[in-house]
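Trainee: have a look at this fold, sequence not included:
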């Protein structure tokens, strides 16, 4: 078991590895959360849009009742979706999440996306990120979240909310993997004492099964598999690890937190078994030599919104 953590700018300790729960059904996620906590995980990452907060709350309650873990030993992250960051909606959103999770607070509450929409996601709501962040400042000051942050925001948007002088951004959760290394974003966040959490650390092979809450199935561009990268395979052989473990270690050795998703108990344990080796700086450079930088999660629904975080990347 590892107690490796990153200290957020407000002194809160965030575990460097957590269980991702995107695309996990309620029944699957109860078993996955229990298996992960018993394997040593202390961070569980969810979001209102995943529609599994209630199941995660059940699992946490049962683990605490069984004496496996105490609430204060866990780090629970959830995220506000597009309709919950609309003007005046955030406190209601976090209280709803807390009720489902059966918790009095979450350890980290993130703005899942910088673009506000109506409940049905059929209409943009023009709410500048500054107004979104004022709401996060308020729920933080109410003690409903021990830390607050953002997800899928760009550097400029983060800089704009830091300039408000309110509660700082404690964490930025972004797509980050070997073929989308996000060096500029990580450098920016480090310069502002913001921890970075990588999602899709393995290149998200399961993304092709995803359907949005409005029923749309995104069309994914073809992308090379990082799990089959020759340098990843070579490192895996050298350290007697799996390619997945090498990719997870790659992010950890860059000082990042990771939240690999799995519902398979053996894989959950494998993903956590990454603390007995380290990659050297030379090995990290070797892994990055292909210079591929391809965003997989383009979040097309943001297109045309005044706060579209990836507008500059769209053709």
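Mentor: Done, it's in. Remember, predicted model here, so these are calculated numbers, not experimental data.

Trainee: please name the residues that touch the residue lying closest to residue 43 once chain neighbours are set aside.
Mentor: Residue nearest to residue 43 in three dimensions, not counting chain neighbours: residue 18, with 2.8 Å by C-beta to C-beta, 6 or more residues apart in numbering. Quick note: C-beta positions are derived from backbone N, CA and C, even for glycine. Counting by C-beta atoms under 8 Å, 6 or more residues apart in numbering, residue 18 touches 41-45, 75, 77, 257-259.

Trainee: same check, this time on residue 242
Mentor: Contacts of residue 242 by C-beta under 8 Å, 6+ apart are 236, 270.

Trainee: roughly how far does it sit from residue 4?
Mentor: Residue 242 sits 20 Å away from residue 4, going by C-beta to C-beta, to the nearest Å.

Trainee: so who does the closest residue to residue 226 other than its chain neighbours touch?
Mentor: Leaving aside its chain neighbours, residue 226 sits nearest to residue 203 (4.2 Å; criterion: C-beta to C-beta, 6+ apart). Residues counted as contacts of residue 203 (C-beta under 8 Å, 6+ apart) are 177-179, 223, 225-227, 247, 296.

Trainee: in PyMOL, select just the buried ones from those.
Mentor: In PyMOL syntax, the buried subset of these is picked out as below (16 or more other C-beta atoms under 10 Å):
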select buried, resi 177+178+179+223+226+227+247+296
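
Trainee: narrow the contacts of residue 203 to those in strands?
Mentor: Among the contacts of residue 203, no member falls in strands (DSSP state E).

Trainee: which SS class is the residue nearest to residue 43?
Mentor: Under DSSP: H, G, I helix; E, B strand; the rest coil, residue 18 falls in the strand class.

Trainee: i'd like the first residue to be 712 from this point on
Mentor: In the new count, where the first residue is 712, that last one comes out as residue 729.

Trainee: understood, closing this out.
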